[in-house]
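# starting from these lines, generate the structure:
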Amino acid sequence: MNQLDAEGELLSPPAINAWKNLENSPTTPTLPHWGELPRGYGEDYIVLMAKDPAWLFAYWEITAAGWASCAVDLQDTDCQLMLRILHMSDDSEIPLGHFDISIPPFSEDWHVNTGKIGGRFRADIGVRTPTEDFRRIASSNIVQTPRGRVAAPDIGGRTVFPGLDLPHPLDDPGTSPTNW
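Sure, this is the predicted structure:
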């Protein structure tokens, strides 16, 4: 039987060997192997993300069939992979303008400096032909980049945050919006 000290603590560890079942086991556990992640998913797509007020990040997959559909009457050497960035209007799906970035073959992602602080953008991935035509393979989602500035105070001296309507101005930076 185990002996206890004055506070009721065990003077020695229990006599059972809790590790005896692990003595013959391998040193590292074996995990199931389900295979490697696929390089692609066999779909033509492009995804656009806002990185900060002036930068975007795009990644894409172009299948052989997607490339062939754009280059159907051209040689591969006649086609240049292009990333087209479209600046979208605030209230519609109509582009206000665009610029093209020549992308090296077999690229799968790109960081884009828009040259603007804030705005709505969409990206198209495609090929540019020798006659300067752009043939789209896939279009991205539309993203909104942050404004890149602090909200301006309104007439009452409060800072206005769209969509956040506080019951009164904040008197002290150390108080909560509802003074609790």
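# if you count neighbours, what's buried in stretch 137-150?
Across stretch 137-150, burial judged by 16 or more other CB atoms under 10 Å covers 137-140, 143, 145. Using the backbone N, CA and C atoms, a C-beta is placed for each residue, glycine as well.
# actually, stretch 45-59.
45-46, 48, 50, 54, 56-59.
# of all the residues you listed, which comes closest to residue 117?
Closest approach to residue 117 among those (CB to CB): residue 54, at 5.6 Å.
# state the distance from that closest one to residue 147.
11 Å (CB to CB, to the nearest Å).
# any residues in contact with both of these two?
Listed as contacting both residue 54 and residue 147 by CB atoms under 8 Å, 6 or more residues apart in numbering are residue 117.
# got phi/psi on residue 68?
Per-residue torsions, residue 68: phi -60, psi -40 (degrees, to the nearest 10).
# ok, the one 10 residues further on next?
The phi and psi values for residue 78, taken as degrees, to the nearest 10, are phi -90, psi -10.
# pretty sure it contacts residue 129?
Yes - using CB atoms under 8 Å, residue 78 is in contact with residue 129, at 6.6 Å.
# following the chain onward from the worst-scoring helix or strand of the chain on mean pLDDT, which element is next?
Every helix and strand in the chain was compared by mean pLDDT, DSSP states H and E; the lowest is helix 64-70, with a mean of 88. Next helix or strand after helix 64-70 toward the C-terminus (DSSP states H and E): strand 80-88.
# show me what the mean pLDDT comes to for that following strand.
For strand 80-88, mean pLDDT is 94.
# kindly state the beta-bridge partners for residue 48.
Beta-bridge pairing for residue 48 (DSSP bridges): residue 58.
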